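Chemist: From the sequence below, what's the structure:
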Amino acid sequence: VDEALLALRFYVRETAIDSMMSGDFEQRRDALEKFWAAHDPTPGTMYNEGMTEYYRRVDHARTAFATLQEQDGTKTDRAKVYILRGEPNRIQRTLNIAGTNTETWIYDKGGRYVFEDDRRNGTYKLVSQTR
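Modeler: Next up is the predicted model:
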């Protein structure tokens with residue numbers, strides 16, 4: 001429950017997470033269930049697609065965007081965008097032996113995110129975005 005609450009850091013403000021983290025285990029679990037019930041795209045069904053997709057993205061980002069410097073991939077810039085926006089429709093990569101590597105994520109529904117790895121060590125930082 002605590003890990004699931006902490007994983008919401010991309011979706012809600014830290015003060016909201018702090019509020020949900022207060023109390024005993026049952027209160028924290030109830031707060032998590034209440035949060036996802038309010039964000040269920042198909043209320044009234046047993047399955048919450050929004051919650052399932054969100055945590056699938058978090059799990060994927062944890063390993064897919066990990067680097068030697070940051071073993072928890074969810075703490076990287078690419079992970080933050082991936083968790084909130086999902087898989088980009090197109091990725092353009094420029095690998096430069098002597099300079100900065102770039103990765104541009106393009107979303108058909110709007111959004112372009114440019115990441116740079118100026119040290120060429122896998123640590124891509126978000127340098128520009130358009131929505």
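Chemist: Look at the nearest residue to Y82 once chain neighbours are set aside and give its secondary structure.
Modeler: Setting aside the residues directly before and after it, Y82 is nearest to A61 in space (CB to CB, 6 or more residues apart in numbering), at 5.3 Å. In short, each C-beta sits where N, CA and C put it, glycine included. Here A61 takes the helix state, with states given by DSSP: H, G, I helix; E, B strand; the rest coil.
Chemist: Pull out the buried residues from stretch 89-106.
Modeler: N101, T102, E103, T104, W105 (16 or more other CB atoms under 10 Å).
Chemist: and the last one, what are its phi and psi?
Modeler: Recorded main-chain torsions at W105 are phi -100, psi 130, according to degrees, to the nearest 10.
Chemist: That one bridge partners, please.
Modeler: I91, Y113 (DSSP bridges).
Chemist: Now for it: which residues touch it?
Modeler: Listed by CB atoms under 8 Å, 6 or more residues apart in numbering, the contact set of W105 reads R78, V81, R85, P88, R90, I91, G111, R112, Y113, F115.
Chemist: Retrieve the pLDDT associated with it.
Modeler: According to the prediction, W105 has pLDDT 98.
Chemist: for the contacts of W105, which one is nearest Q71?
Modeler: For these, the minimum distance to Q71 (CB to CB) is 14.7 Å, reached by R78.
Chemist: Am I right that the closest one is in a helix?
Modeler: Yes - membership of R78 in a helix is supported by three-state DSSP.
Chemist: what about the closest residue to it other than its chain neighbours, how many neighbours?
Modeler: Leaving aside its sequence neighbours, R78 sits nearest to F65 (CB to CB, 6+ apart; 4.9 Å). Neighbourhood size, F65 [other CB atoms under 10 Å]: 23.
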